[in-house]
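Participant: Turn this into a structure:
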Amino acid sequence: MSRPLKNLLPEIARQLAIHIPPFRRALCDALEKGDFPAFPRQQLSKLLTEPLRVSLHRDLKQRPWIIVLDALDECEDDIRDCVLLLTEAIAEFQGKLKLVVTSRPEAAIDAVQRLRRTHILDIDIASAENESDLRTYFQLRLCPLRTRRGWPSTDPIQKLVLLAGGLFIWAAVVTSFLLESDTLEEEVYLVLNGTHWEDNPERRLAQMYGIILEKAYHVGKRTDHFRFFLPVLATIMMVREPQSDIVVGHLAADEVRYERLRGIIEGLSAALHIPPESPVVRVTHPSFYRYLTGDCQDIRFAVNPVVQSKILGQRCLTIILQGAHRDMCNLMELSDVPQDEIVDLHERITIHIPQELQYACKNWILHIIPDSTPNEQLESLLRDFFRSRLLPWIEVMGLLGCLNAANQALTHLHNWLRVNALSIIPYSLY
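Facilitator: Alright, predicted model coming up:
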């Protein structure tokens, strides 16, 4: 699952503000002077360049600050644009600000080399150093298993290092798979001797994902587990931003029970990141998304992005039709008070507009229109929406501060309907 660049500059500014008080004060001063910038070049100026000038000027003795961008090749947009913007900013602060970028070789990061004092380090995954790092990784991660029943008497570390083929992601997935196993002896045998591993390390990673999916699928042994497995899996892959397990359940299907949902998600924990302090479910590595949407040929697990995005859009519409209504936050009594002066507005939104409805309102059009064609079910949902839920939707989008996004989304929807020769939007909205 790729990482959108639209949030990159704000996130860098947020991290700098958390760790560097002078920058935090300068950033707050800059934001108080006007609206939050929407476009990358504006963000660069207001969120980074201006606060950096002020904060670095305030603290002349400050040691260089370092910004680390890990796995830039996993971003979904043209990374050259991102790197060019950052190099523009950093060039002004040579010696006071440093940028460290990690990326696969095929990513277009030539722009970094435009900086003076640039150092390029190529890492050979087949090198002795990388192999040594992998061995250390396996030893540390698998240490808790050495005293467990089922762990082999002959140390398997060297064989695991060879199977990893230099890929740390294979090592990470396998160690998670073994650490979370309740049948350790079987899983160790499966990894070491029970699988005919292919020669290519990338293909071995795909095989490992297949093993994880197969085990997770059969854990439930119930009809509803099998029935909801792909909808839950596809929803986690297709949401535009990571969501909580509860929201994933609502977006996946109407009838999925929470215990069944957790069973599916936890069965996939070797490939998903489920932090104990947060309910948000994330894909551990984009290679899992690429496998499910590309190489996977098993119809129980394969995710067709176009088909599943449309299904998710239809689910969003269903959630809006079932849950949205006028005056959801009980603001009628405050009709003469400007929205930005309602003291408890955020609390009202949290209580009265569930997270799944917020997601549905923000994203239903974005899920429906890319590369898809209408069908009878979608047409029916759209007609019901414009007949009874248009105004509640606009009201919710206004409360969420997304009216501009709503306007743009309706424009895109109008164009999509026109291309598909559908007359669904009322003429008063044209």
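
Participant: So which helix or strand of the protein has the lowest pLDDT on average?
Facilitator: In the chain, the helix or strand scored least confidently by mean pLDDT, DSSP states H and E is helix 79-92, which has a mean of 70.

Participant: Helix or strand next in line after that one, which one?
Facilitator: Using DSSP states H and E, the helix or strand that follows helix 79-92 towards the C-terminus is strand 97-101.

Participant: Show me what that following strand is packed up against.
Facilitator: Counting contacts by 3 or more Cβ pairs under 8 Å, 6 or more residues apart in numbering; DSSP states H and E, strand 97-101 packs against strand 65-69, helix 79-92. Heads up, the C-betas are built off the backbone N, CA and C, glycines and all.

Participant: buried stuff in the next helix or strand after it?
Facilitator: Of the helices and strands lying after strand 97-101 in sequence (DSSP H and E), the nearest is helix 128-141. Neighbour-count burial for helix 128-141 flags Asn130, Glu131, Asp133, Leu134, Arg135, Tyr137, Phe138, Arg141 (criterion: 16 or more other Cβ atoms under 10 Å).

Participant: Just give me how far helix 128-141 sits from the chain centre.
Facilitator: Computed by Cα atoms, centre = their mean, to the nearest Å, the chain-centroid distance of helix 128-141 equals 28 Å.

Participant: next one: stretch 268-284
Facilitator: Distance, centroid of stretch 268-284 to centroid of chain: 11 Å (Cα atoms, centre = their mean).

Participant: ends of that stretch, how far apart?
Facilitator: Counting by Cα to Cα, to the nearest Å, you get 10 Å between the two ends of stretch 268-284.

Participant: Now do that stretch, average pLDDT.
Facilitator: Taken as a whole, stretch 268-284 has an average pLDDT of 87.

Participant: hmm, who's touching it?
Facilitator: Outside stretch 268-284, the residues that touch it by Cβ atoms under 8 Å, 6 or more residues apart in numbering are 1, 172-173, 176-177, 180, 209, 212-213, 216, 233, 236-237, 242-246, 248, 265-266, 285, 288-289.

Participant: And stretch 275-285, what's buried?
Facilitator: Val281, Val283, Thr284, His285.

Participant: Let's see the distance spanning that stretch from one end to the other.
Facilitator: Taking Cα to Cα, stretch 275-285 runs 15 Å from one end to the other.

Participant: residue with max distance from the center of the chain?
Facilitator: Largest separation from the mean C-alpha position in the chain: Ser153, at 40.1 Å (Cα atoms, centre = their mean).

Participant: What separation do you get for that residue and Leu179?
Facilitator: 19 Å (Cβ to Cβ, to the nearest Å).

Participant: before we move on, what about Leu72?
Facilitator: In this view, Leu72 and Leu179 are 29 Å apart by Cβ to Cβ.

Participant: and what of Ala91?
Facilitator: Applying Cβ to Cβ to Ala91 and Leu179 gives a distance of 45 Å.

Participant: the more surrounded of these two?
Facilitator: Taking other Cβ atoms under 10 Å, Ala91 and Leu179 do not tie; Leu179 has more neighbours (16 against 12).

Participant: residues contacting the more buried one?
Facilitator: Applying Cβ under 8 Å, 6+ apart, we find Leu179 in contact with Arg141, Leu142, Pro144, Leu145.

Participant: what do you get for Phe138?
Facilitator: Phe138 sits next to Ile157, Leu160, Val161, Ala171, Thr175 when contact means Cβ under 8 Å, 6+ apart.
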